[in-house]
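Below: sequence and its predicted model.
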Amino acid sequence: QVQLVESGGGLVQAGGSLRLSCAASGSIVRINVMGWYRQAPGKVRELVAAITSGGNTNYADSVKGRFTISRDNAKNTVNLQMNSLKPEDTAVYYCNANLYQTPTMTRRDYWGQGTQVTVSS
């Protein structure tokens with residue numbers, strides 16, 4: 001089995017910063033893409049940022065220039081540095097990993113349990 005464990009959410013004032021971390025463990029052969037999604041109340045889950053094993057990144061337009069995603073392939077971790085936070089960034093943030101797992105070499109997505117980020121105005 002595979003587990004994704006997130007940390008780093010919390011309450012911050014507008015303009016502040018938070019750093020989210022996610023660690024993947026278990027029967028992992030290789031992780032292709034790791035990313036962060038978020039879901040606000042009454043809204044659909046949306047991609048915030050993603051990063052490939054080669055370091056290519058993709059960001060939602062709403063977070064470009066404010067958020068930075070990074071990963072450590074050796075440790076199977078991914079981080080999201082969030083700066084200049086806005087109240088509209090308030091949501092539950094989910095870590096995602098698209099990976100190959102042992103022993104079947106099946107490729108599938110795994111999700112973390114979610115961490116709450118609240119930005120007050």
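On my side now, so go ahead.

ranges for the strands of the chain?
For the chain, the strands defined by DSSP state E occupy 2-7, 10-13, 18-26, 28-39, 46-52, 57-59, 67-72, 77-82, 91-101, 106-111, 115-120.

In its sheet, which strands sit next to the first one, and in what direction?
Here strand 2-7 has these sheet partners by DSSP bridges: strand 18-26 (antiparallel).

How far off centre is the partner strand?
8 Å (Cα atoms, centre = their mean, to the nearest Å).

Likewise for stretch 33-49?
8 Å.

May I see the strands of the chain arranged in TSV, with mean neighbour count as well?
Placement of C-beta: from N, CA and C, glycine included. Below are the strands of the chain laid out as TSV (neighbours: other Cβ atoms under 10 Å):
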stretch	mean neighbour count
strand 2-7	16
strand 10-13	13
strand 18-26	18
strand 28-39	19
strand 46-52	19
strand 57-59	15
strand 67-72	18
strand 77-82	22
strand 91-101	21
strand 106-111	13
strand 115-120	17
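
Could you save those as CSV and add columns showing mean pLDDT?
Shown next, in CSV, are the strands of the chain (pLDDT from 0 to 100):
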stretch, mean pLDDT
strand 2-7, 95
strand 10-13, 98
strand 18-26, 97
strand 28-39, 96
strand 46-52, 98
strand 57-59, 98
strand 67-72, 98
strand 77-82, 98
strand 91-101, 96
strand 106-111, 93
strand 115-120, 98
